[in-house]
Each structure stands twice: as C-alpha cells, then as structure tokens.
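Peer 1: can't give you the sequence, but here's the structure:
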C-alpha cells in the first residue's frame, strides 16, 4: 500500500500537479486562554513562559506552536517581558500561527517599555509606536477588579477621607516625624495619610536620599519632570518632595475618578500607559507595585477625589461602556 501511495505521489508531481499547502491566512490563530481564578504569583507566570518555550521549540515535549502562543499570552498579560517578546516574534514570523504585525507591534512595545533592548529594535524596524487598542493578550487579566466600577457620588468628593481610610493601620517602619508631617499636610491635598504613606513605603522605604535608575528621587520618588509639573523646586527637600508626590496623587485620583488601583498604577508607570492599556499596564514591576499598595491599604479601591482638579480620563468611559456591553449579553 505504501509503495502505491508513493507511485501516485510521483505521478502527480511528474504531471505538474501542485500539492496543497497552508497559506499564512490558513495558519491557526490561537484563541485567548480562559481567565485565571484567584491571584497569580510571579513564579506561575515564569512557569507559563518556560512551558511555552519548550512547546515552541519541542524541547522535551511534542512541538506545539499554538499551545506555546496561548501560554505566552497568559504570561504576557501579567507583565512578563520575555513572553511578550516571544509572542511578538511568533506573530511577526508566522511561527505556526497567523502573522499579525499590528498585535506584534503592541507586544514589542510592552516589552520595550520594560527595558528589553531587543524588543525596542524590533519595534523600530516596524515603524515605531503601535496603533489601535492593545490586543487581548496585553489587556488587564480578569482577576483585576472592574475599572472604577462605582465612582463616589458628587457629595462624597469632599476633602475629608472616608471613615474606612481613617481606620487603616500605618506602616510600622514609618519614621514618626514623617508620619506627623503627612498627617498634618495630607488633608490639604484631600488625601488619606494611609494612602500617602503606603505609596512612600513602596517607592523609597522612607529613604529621603533614594534615587532610582530612572532618576526618580526622594521619599516620593519624583522624576524631575514630574516635580516641575507640580511646582517642586528642590527634589531632595523632604517637605517639597512629599508635597509634590501628594499633588500628583491628588491629580491622579481626580483623573481616574477615585480609582485607587489605576491611580497608583499611573504613579508608577504614568497615566498615559494606564490609558493606553485600559487598566494596569502589562509591566511586571507595575503589577507588583500595585499589589503591594493595595495590600497595604486593605484593598480599598475607592478614595474621595476633587473633580475640579482635572477632567476624567476618557479611558474610563470606554472601559465602562465595554463592561456594560458584556454584561448585557
């Protein structure tokens, strides 16, 4: 039987018949993996990436590019830069899955924004900034709470923190002098001291001389441009640094209508990144940063804000509309 099949194959080829082959459009497009249940720790994200790499190259397992892409997707959503780059490479080169340069550009951008030079090189070759909304593999995971689900009513937008914020414990390692100063000044900025001190603890661990590789300085780790934006003349001055950080937090809370998770994500990654990714950006550092502050503040998602400080982010309306559409189905 085998010899007969070989003869038929030879005859077809000799007669000029073309054997069927897959086009790029016929290659499979991996579907989004199901949403995760419960918290996802960094070790799990790393395992997804390692399993994906083994499946992509057939290292100790049967090669399966589609399964690899799904696992890269999972890890990419939680901020794994290597997974973002690998999935971008697969999408660009049609490695067992359909080519999609638009999605690949977003993947390379996310990895480049986390400092991966290879990803920046690929993004530059593709023309720079990606267009359109981020693909599903970069959108906030389902385990993240809904974006600003219930904004405070206008009557709650006053200067006094809500009672739950007032009862939260303060960081035990916070120096008494700093705690006293924050308690004194925070009401001027309509902020709960617990939130300010949680940000400060995560940013600098209360070291007034702290400086990051990106030139963020002081207790609230202000970048020079952020300091200038909020009137800080001397970043190293503890009082000015704290006030500048409070001014930025107040602005972010108004911009995101009291959504603490989005505000602190923007404090770390910038409000433009939060807008672009429709939630907490897919950066490993930012996701860990948000988790720490949310844990330190008892998971309080909403904080009073002053709507007169700045208009709301247009991203909020888009995300809420999308959520209502999903819920109405």
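Peer 2: Received it, and whenever you're ready, just let me know what you need. What you are looking at is a predicted structure, and each value in this text was computed from that prediction instead of being measured.
Peer 1: residue 38 contacts residue 143, correct?
Peer 2: Yes. With contact defined as CB atoms under 8 Å, residue 38 reaches residue 143; the gap is 7.0 Å. Yep, even glycine has a C-beta here, placed from its N, CA and C like the rest.
Peer 1: which of the two has more neighbours?
Peer 2: A count of neighbours by other CB atoms under 10 Å puts residue 143 above the other of residue 38 and residue 143, at 13 against 6.
Peer 1: ok, for the more buried one, nearest residue in space, not its chain neighbours?
Peer 2: residue 36 (5.4 Å; CB to CB, 6 or more residues apart in numbering).
Peer 1: surely the one you found touches residue 75?
Peer 2: No. Counting by CB under 8 Å, residue 36 does not reach residue 75; the two are 11.2 Å apart.
Peer 1: of the two, which one has the most company?
Peer 2: Neighbour count, other CB under 10 Å: between residue 36 and residue 75, residue 75 has more, with 28 against 14.
Peer 1: which ones are touching the more buried one?
Peer 2: 45, 46, 48, 49, 52, 82, 83 (CB atoms under 8 Å, 6 or more residues apart in numbering).
Peer 1: let's see 10 Å
Peer 2: Each residue near residue 75 by CB atoms under 10 Å, 6 or more residues apart in numbering is listed here: 40, 44-52, 81-84, 86-87, 137, 282, 284.
Peer 1: still on that earlier bit, what sits in contact with each of residue 36 and residue 75?
Peer 2: Common contacts of residue 36 and residue 75 (CB under 10 Å, 6+ apart): residue 44.
Peer 1: from residue 71, how far off is the residue lying closest to residue 54 once chain neighbours are set aside?
Peer 2: In space, residue 54 comes closest to residue 61 once its chain neighbours are excluded; the distance is 5.3 Å by CB to CB, 6+ apart. Per CB to CB, to the nearest Å, residue 61 is found 12 Å from residue 71.
Peer 1: need the contact partners of stretch 207-214.
Peer 2: Contacts for stretch 207-214 (CB under 10 Å, 6+ apart): 115, 175, 178, 200, 203-204, 216-221, 223, 235-238, 241-242.
Peer 1: how about the helices in the stretch 51-200 of the chain?
Peer 2: Applying DSSP state H, counting those that start in this stretch to the stretch 51-200 of the chain gives helices spanning 65-77, 81-93, 101-113, 117-125, 163-166, 176-185, 193-204.
Peer 1: lowest average confidence across these, which one?
Peer 2: Lowest mean pLDDT of the helices of the stretch 51-200 of the chain: helix 163-166, a mean of 80.
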